[in-house]
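Peer 1: after the sequence you'll find the predicted model.
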Amino acid sequence: CDGSGNGAELQAWLDSNGGASATDNCGDVTWNNDFTALSDDCGATGSATVTFTATDDCGNASTTSATFTIEDTTDPVLTNDPTITIPCDEYPDDIIYASASDDCGGTTITFSDVQVSGGCLLPIGAYLRTYTATDDCGNTSTSEQIVTLIDDTAPVITVPADYTTTADALDCSADISSSAAGMASATDNCDSDVEITYVDGDWSYTCTGDDDTTEGTRTLTRTWTATDDCGNSSSGTQSITVTDETAPVGSTEDASVPCADYDAATEYGSHTESDNCDSDVAVSWVNVETFNIEGAGCYQVLRSYTFTDDCGNSSSADQIITVFDDVAPVFDAYDYNVTVECTGEDANDITYLPITATDNCGEVTYSVSSICASGGCPYSMLRTWTATDECGNSTDAEQYVSLYDVTAPELTIPADYTVSADSDDCSADISPAAAGDASATDNCGPNDCWGDATITITYVDSDWAYTCTGDDDNTEGTRTLTRTWTATDRCDNS
């Protein structure tokens with residue numbers, strides 16, 4: 001089969017009368033045949049049975065038959081590259097990477113693939129492909145080819161949304177695992193099981209702390225990477241934030257402070273504080289109020305402490321500071337024995353011959369009591385002083401006071417007195433009850449320490465002086481006398 005119907009061979013066969021020969025006894029022989037066409041077999045093959053007729057000049061004829069056959073016994077020629085690479089997402093695509101030719105007609109190429117090792121794809125990255133070329137007449141030839149799948153396309157990654165969670169109230173921890181914060185996903189043109197990994201960056205602390213080590217609310221960037229079997233990768237980022245919303249826990253211990261040591265700007269007692277995130281909690285305090293005020297040295301102060309972490313979360317606790325005074329006043333230096341002229345002042349009056357005391361914290365109030373004592377003129381007394389501070393602490397002091405008196409009483413005498421003589425006997429009532437009584441005051445007062453009077457008033461009358469001009473030597477009737485009053489104190493001053 002020459003692929004063109006073997007025309008020359010057919011014609012030569014016809015011309016040779018299919019190989020037959022004839023002779024005639026009388027003349028020449030003429031040949032003819034009944035060939036019309038070849039049958040249509042496979043490809044360009046076919047056959048024809050031809051009847052050849054030999055006729056002599058007189059019309060006598062004889063026939064013979066012969067068959068002409070074109071057949072194909074040659075395999076197609078199959079051509080392909082021994083190895084090829086194709087994108088993984090194009091397999092299987094039924095594309096034939098081979099060609100075949102045949103002299104006698106067309107060819108059909110088929111193939112079958114068998115998995116072999118090689119390539120980057122898992123579990124199958126390469127195939128041994130066996131091509132079979134078959135011509136129209138069933139002649140075949142085969143060839144092998146290694147088909148390696150390649151992948152140069154990165155996966156498409158989808159990262160989870162940014163994630164925010166609250167720090168644990170006890171230890172500031174937070175669950176930022178992928179099960180909590182979200183898991184990335186990826187699709188790939190070839191890999192159905194893309195490897196997904198992530199790497200976390202360092203924490204960035206975002207609160208404004210009060211120290212060099214800021215703690216609490218923090219953010220990190222999680223970088224997700226999707227990698228296929230062939231090492232192609234793509235990445236995306238996710239922001240993860242942990243917020244600190246828990247206030248510190250703080251407590252205070254009340255304190256008692258002597259009033260002399262108390263300073264409103266000084267801390268007393270103790271305080272403790274802790275925080276779930278901040279290892280160095282900021283502490284501040286203010287004095288809120290002073291209450292239960294009994295005196296300048298005995299009162300209570302309400303102080304409020306505030307505990308603040310780096311993120312501004314805060315709590316407060318109250319502290320009561322008890323300021324106390326257990327120190328009695330101290331008398332300033334004074335003379336234990338004093339000698340003064342009496343003035344008549346109240347010996348139980350603190351303004352009389354005062355002494356002073358000093359207290360460590362506040363003002364001092366005084367009281368004094370006196371008892372009479374013998375000695376001196378007009379008398380002496382023992383005075384007991386008590387100095388009491390604002391908180392009720394008190395102390396006593398004694399002082400012996402000797403009085404003297406060199407000042408005469410001040411005498412007030414009644415006005416001059418005139419009375420008419422009795423019409424019967426010329427008598428007249430000139431007693432102090434009638435003529436008037438004198439009075440006196442003394443610098444030492446009207447009474448002594450025991451309550452006795454300190455002034456004695458006496459009087460002496462002069463002789464009568466008769467003022468009428470009588471007719472004899474014994475003038476009688478109208479008369480005048482001078483009454484002399486005398487006031488004498490205990491010390492004989494008069």
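Peer 2: Here it is on my side, so go on. What you are looking at is a predicted structure, and each value in this text was computed from that prediction instead of being measured.
Peer 1: every contact and neighbour count from this point should use C-alpha atoms.
Peer 2: Noted.
Peer 1: apart from its chain neighbours, what residue comes closest to residue 225?
Peer 2: Using Cα to Cα, 6 or more residues apart in numbering and skipping the chain neighbours, the partner closest in space to residue 225 is residue 235 (4.3 Å).
Peer 1: return the residues in contact with the residue most central in space within the chain.
Peer 2: In the chain, the residue lying closest to the centroid (Cα atoms, centre = their mean) is residue 311, at 3.3 Å. Residue 311 sits next to 207, 208, 209, 215, 216, 217, 244, 245 when contact means Cα atoms under 8 Å, 6 or more residues apart in numbering.
Peer 1: if we use 6 Å, what do you get?
Peer 2: Contacts of residue 311 were listed using Cα atoms under 6 Å, 6 or more residues apart in numbering, and they are residue 207.
Peer 1: tell me the pLDDT of it.
Peer 2: The predicted local distance difference test score for residue 311 is 94.
Peer 1: equivalent analysis for residue 67, please.
Peer 2: The predicted local confidence for residue 67 comes out at a pLDDT of 92.
Peer 1: was I right about it contacting residue 49?
Peer 2: Yes. Under the criterion of Cα atoms under 6 Å, residue 67 is in contact with residue 49, at a separation of 4.1 Å.
Peer 1: quick one: low-confidence ranges for this structure?
Peer 2: 375-376 (pLDDT under 70).
Peer 1: the helices in it, which residues?
Peer 2: Counting by DSSP state H, residue ranges of the helices within the chain are 7-15, 178-181, 432-435.
Peer 1: ok so, going back, any idea how far residue 334 is from the residue nearest to residue 225?
Peer 2: When distance is defined by Cα to Cα, to the nearest Å, residue 235 is 96 Å away from residue 334.
Peer 1: same drill for these two, tell me which one is more crowded.
Peer 2: When neighbours are counted by other Cα atoms under 10 Å, residue 235 comes out ahead of the other of residue 235 and residue 334, with 18 against 13.
Peer 1: quick one: the more buried one and residue 222 touch, right?
Peer 2: No. Applying Cα under 6 Å, one finds residue 235 not in contact with residue 222, separated by 10.2 Å.
Peer 1: returning to what we had before: residue 67 and residue 49: which has the busier surroundings?
Peer 2: For residue 67 against residue 49, the residue with the higher neighbour count under other Cα under 10 Å is residue 49, and the figures read 17 against 11.
Peer 1: got a list of contacts for whichever strand in the chain runs longest?
Peer 2: Taking DSSP state E as the assignment, the strand of the chain that covers the most residues is strand 282-295. The set of residues external to strand 282-295 that reach it, using Cα under 6 Å, 6+ apart, is 299, 300, 301, 302, 303, 304, 305, 306, 307, 308, 390, 391.
Peer 1: which ones are touching the fifth one?
Peer 2: For residue 303, the set of contacting residues under the criterion of Cα under 6 Å, 6+ apart consists of 286, 287, 288, 318, 319.
Peer 1: farthest residue from the center of this protein?
Peer 2: Here the chain has its C-alpha centre computed as a mean, and the residue farthest from that point, by Cα atoms, centre = their mean, is residue 26 with 136.9 Å.
Peer 1: how many residues are close by the nearest residue to residue 227 once chain neighbours are set aside?
Peer 2: Sequence neighbours aside, residue 233 is the residue nearest to residue 227 in space, at 4.2 Å (criterion: Cα to Cα, 6+ apart). Burial of residue 233 is recorded as 20 neighbouring residues (other Cα under 10 Å).
Peer 1: need the contact list for residue 233.
Peer 2: When contacts are counted by Cα under 6 Å, 6+ apart, residue 233 is found next to 154, 226, 227.
Peer 1: mind putting the residues you listed in CSV, neighbour count and distance to residue 460 included?
Peer 2: Below are those laid out as CSV (neighbours: other Cα atoms under 10 Å; distance: Cα to Cα, whole Å):
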residue, neighbour count, distance to residue 460
154, 20, 147
226, 26, 141
227, 22, 144
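Peer 1: take these and write them to CSV, including distance to residue 397.
Peer 2: Shown next, in CSV, are the contacts of residue 233 (distance: Cα to Cα, whole Å):
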residue, distance to residue 397
154, 104
226, 97
227, 100
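Peer 1: mind listing which of these are in strands?
Peer 2: Going by DSSP E, the strands hold 226, 227 from the contacts of residue 233.
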